[in-house]
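Student: predicted model follows, preceded by the sequence.
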Amino acid sequence: GNSVTQMEGPVTLSEEAFLTINCTYTATGYPSLFWYVQYPGEGLQLLLKATKADDKGSNKGFEATYRKETTSFHLEKGSVQVSDSAVYFCAPVASGGSYIPTFGRGTSLIVHP
Amino acid sequence: GAGVSQSPRYKVAKRGQDVALRCDPISGHVSLFWYQQALGQGPEFLTYFQNEAQLDKSGLPSDRFFAERPEGSVSTLKIQRTQQEDSAVYLCASSLDSPNIYTEAFFGQGTRLTVV
């Protein structure tokens, strides 16, 4: 089955700092990779995705590159804002499974002014 | 509506009480998922519907949990004889097609259930 390892949170940064949230995965078959974000009091929403090796997903200044050789999909942003404070979930979806989206514990990001 | 709608947003139940949580998915979405999210944890899968058919209920924690989607649109998650460990946020999500490698799930805001 699928599994994902994300860095422990919370990650605490000052505004305009550089962000990296690490994600490595194991999956059967050849997965698509997703990052979801959950703002306080809200449900999850898709942030970005990549469906094949070396693809780069990007949205709202965030980027992640699908690295098949290292089975990683690290999330980066060059300059975070207070409004980016949220919990971020890395989610692989792989063939050979049910394709039902599954999530780990996520990584909490706190950005201070 | 434009997004997935859940009601109520907050529910306080006395231990032993039955509760019903409602989900209105995006119109036309075939797939509907229910998740349970405990404080500080990620969403845990409960059950999945394709139209009105419940194809996977492997995540339901006990026979006190029951879900239905009788007409393939609105879904209800029912919890009988609630217990304190049922306290969590219950998230509903829908997607346009049957789950596949490209599936994007659209989530509602969730129902926060507190059992006292």
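Tutor: Great, that's in hand. Residues are numbered from 1 along each chain as shown, chains lettered A, B, ... in the order given.

Student: quick one, what contacts residue B:12?
Tutor: When contacts are counted by CB atoms under 8 Å, 6 or more residues apart in numbering or on different chains, residue B:12 touches B:114-116. For glycine as for every other residue, the C-beta is placed from the backbone atoms N, C-alpha and C.

Student: for ChimeraX, what selects the buried ones among those residues?
Tutor: In ChimeraX, a selection of the buried entries from the contacts of residue B:12 looks like this (16 or more other CB atoms under 10 Å in any protein chain shown):
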select /B:115
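
Student: mind listing which of the contacts of residue B:12 are in strands?
Tutor: Among the contacts of residue B:12, DSSP state E puts B:114-115 in strands.

Student: which one of the contacts of residue B:12 is nearest to chain A?
Tutor: residue B:114 (14.6 Å; CB to the nearest CB).

Student: what helix or strand is residue B:90 on?
Tutor: Using DSSP states H and E, residue B:90 maps to strand B:88-95.

Student: quickly run through the sheet partners of that strand, with directions.
Tutor: strand B:31-37 (antiparallel), strand B:106-107 (antiparallel), strand B:111-115 (antiparallel) (DSSP bridges).

Student: which outside residues touch the last one?
Tutor: Residues outside strand B:111-115 that contact it (CB under 8 Å, 6+ apart) are B:6-15, B:17, B:19, B:21, B:79, B:82-90.

Student: ok, the longest one next?
Tutor: Outside strand B:31-37, the residues within contact range by CB under 8 Å, 6+ apart are A:100-101, A:103, B:23, B:25, B:43-50, B:59, B:61, B:67, B:69, B:75, B:77, B:88-99, B:103, B:105, B:110.

Student: now, of the contacts of strand B:111-115, which are buried?
Tutor: Here, 16+ other CB under 10 Å leaves B:6, B:11, B:13, B:19, B:21, B:79, B:82, B:86-90 buried among those.

Student: any idea how far the residue nearest to residue B:32 when sequence neighbours are not counted lies from residue B:64?
Tutor: Spatially, and ignoring its direct neighbours in sequence, residue B:32 is nearest to residue B:49 (4.5 Å; CB to CB, 6 or more residues apart in numbering or on different chains). Computed with CB to CB, to the nearest Å, the distance linking residue B:49 and residue B:64 is 19 Å.
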